[in-house]
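**Q** Model the structure of this input:
(3 chains)
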Amino acid sequence: MTKENGESCLGEDFSFSKHARLLNSAAFKKVLRKGRRFGRNPFFVLYWHAHGLPESRLGVTVSRKVGSAVIRNRVKRAIREFFRTHRHRFKQDGDCVIIARPRAGQVTSAQLRSQLDRVLAKNMSAT
RNA sequence: AGAGUGGAUCUGGCUGUCGCUGGUUUUCCGUAGUGGGAAACGGGAGGAAAGUCCGGGCUCCGCGAAAAGGUGCCGGGUAACGCCCGGCGGGGGCAACCCUAGGGACAGUGCCACAGAGAGCAAACCGCCGAACGGGAUUUUAACUAAUCUUUCGGUAAGGGUGAAAGGGUGCGGUAAGAGCGCACCGCGUUGCUGGUAACAGUAGCGGCAAGGUAAACCCCACCUGGAGCAAGACCAAAUAGGGAAACACCGCUUUAGCGGGCGUUUUCGGGUAGGUUGCUUGAGACACUUGGCAACAGGUGUACUAGAUGAAUGACAGCUGCCUGAAGCUUUGAAAAGAGCCAAGGAACAGAACCCGGCUUAUUGAUCCACUCUCCGU
RNA sequence: CGGGGCGUGGCGCAGCCAGGUAGCGCACUAGCAUGGGGUGCUAGGGGUCGGAAGUUCGAAUCUUCUCGCCCCGA
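**A** Alright, predicted model coming up:
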């Protein structure tokens, strides 16, 4: 745990194991109720809740309104890939929940990544 | 060469970097035990994984019948089926071939709107024909002579008209006019014979139109089905609240023993939520060869083990290269029409396992192979 | 993943089981009553019943397939 933690602080580790994910319904509810909405655009809504642990975690919600099972899988993979590669830009001591809105199912993966980049650049500096 | 029919298979490949997930091996940390981390190796979506329309396995509940529901030409296959195969009947196509919920309407009940004279033990509106005689009208005649119309009674299902459907069709005879009234052929029903396991087909005799449609209306007949579903079920088991039992302390009754109460404290028990483990992937299986069978399929031998996630993995990026379309231009064959090659650029669908099988249905890109039919040309 | 329900004018609903005329309320248009508006009265327009096949003489209704929406089971 301690070794891996030191690497992640340097921003060189691109792994994304189970420790970095929200794994049950209670964790999601905690972030959505007690956390704060810090970013929003027509494709996503982002929530943040500080938990005190040294490692940041991610939860992704894609409802059935986004599209079929193939489209939902594509959106989830794009969001997780972005979190994995841009993890150093997120704050390290909290949980993040990204909810995809219905328009996210109508664009390509590259467009999803650029939209996430814009919403993160705009809102992380403000916080 | 063109047009078409049926069936089968596949759903691009290779390399690199960064990731996810389960398995095996090694190793590190920690523990009474369960465990946590790292590295290496080799696995990781489909023909429909979909819709959930059927049939099963598996699990729990129930176990007497009935009700309710389903299936429906015949024979076979199958664990079973509403599926598949082979036949029969009907319909379509020049043909290869395709489509077909296809039992029963003399067991019973219901419905057939509108239109039409009549619509379910049928019916006479216009017609056609005959008779009655008397009255009237018109024409005609030497003459109430003849004809037509009108009235009444009767015959008729040929023709018209209505309708989805009007109680067989065509032809000849027959008749006052007509009619299965008679005859021939077709159709229908029925009895036999022949072929076939059967559905049914063929054929002979008889009957004489008696028997309209609708059962995806109720229904009858034959056969089948208990209900729910892996979020089934089994096991482990926090925090909080609540329940049972015991002990201590307290209160009431009582001389004590003891009995009762329930505020409190401690211990303990079982149920059970979050959560976890299991069910969970080796199977009525797949592939190859072979035997039987027209076939579906069945038997035998051999080979390999081939996804198991659970806020839910199977991905992202880059390069090279096959496949398809291919503007303009260039090269080339050719008299021309047109064809071939190079090439920018673009395209590659439908879609994501959730306990597992067998089917059906629906969505869909491109390619390859096999068999067959028709038309044209050449030999 | 599994189990149920609903699609009918602009909106909310009948009609479907038992097949032949698509109707009700609000809304819309026009006229009348009023000095004008509201209100009231009269008249009218607008849907082939989510889509496609089939059964039937005939389908919103019966059967099959399909599309969309909603609800329930942690």
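**Q** What's the local residue count around A:Phe73?
**A** Quick fix: residue A:73 reads Asn, not Phe. When neighbours are defined as other C-beta atoms under 10 Å, A:Asn73 has 12 of them. Bear in mind the C-beta positions are built from the backbone N, C-alpha and C, glycine included.
**Q** what sits against A:Val107?
**A** Residues near A:Val107 by C-beta atoms under 8 Å, 6 or more residues apart in numbering: A:Phe43, A:Gln115.
**Q** pLDDT score assigned to it?
**A** Predicted confidence (pLDDT) for A:Val107: 83.
**Q** How about A:Glu4?
**A** A:Glu4 carries a pLDDT value of 28.
**Q** Let me see the ranges of the strands in chain A.
**A** Using DSSP state E, the strands of chain A run over residues A:36-40, A:44-50, A:57-62, A:94-100.
**Q** The first one pairs with which strands, parallel or anti?
**A** The one in question is strand A:36-40. For strand A:36-40, the paired strands and their directions (DSSP bridges) read strand A:44-50 (antiparallel).
**Q** now the angle between strand A:57-62 and the strand it pairs with, please.
**A** 150 degrees (axes from the mean of the first three to the mean of the last three C-alpha atoms, to 10 degrees).
**Q** In strand A:44-50, which residues are buried?
**A** A:Phe44, A:Val45, A:Leu46, A:Tyr47, A:Trp48, A:His49 (16 or more other C-beta atoms under 10 Å).
**Q** got the angle for that strand vs strand A:94-100?
**A** Angle of strand A:44-50 versus strand A:94-100, following the same axes, to 10 degrees, is 170 degrees.
**Q** that older thread, out of the buried residues of strand A:44-50, who's nearest A:Ile99?
**A** Nearest to A:Ile99 among those, counting by C-beta to C-beta, is A:Val45 at 4.5 Å.
**Q** Can you report how many residues neighbour A:Gly35?
**A** 18.
**Q** quick one, phi psi at it?
**A** phi -80, psi -170 (degrees, to the nearest 10).
**Q** Is it possible to get the buried residues of strand A:44-50 out as CSV so that each row also shows pLDDT and distance to RNA strand B?
**A** Below are the buried residues of strand A:44-50 laid out as CSV (pLDDT from 0 to 100; distance: C-beta to the nearest atom of the strand, whole Å):
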residue, pLDDT, distance to RNA strand B
A:Phe44, 87, 13
A:Val45, 88, 12
A:Leu46, 88, 13
A:Tyr47, 87, 11
A:Trp48, 86, 15
A:His49, 84, 14
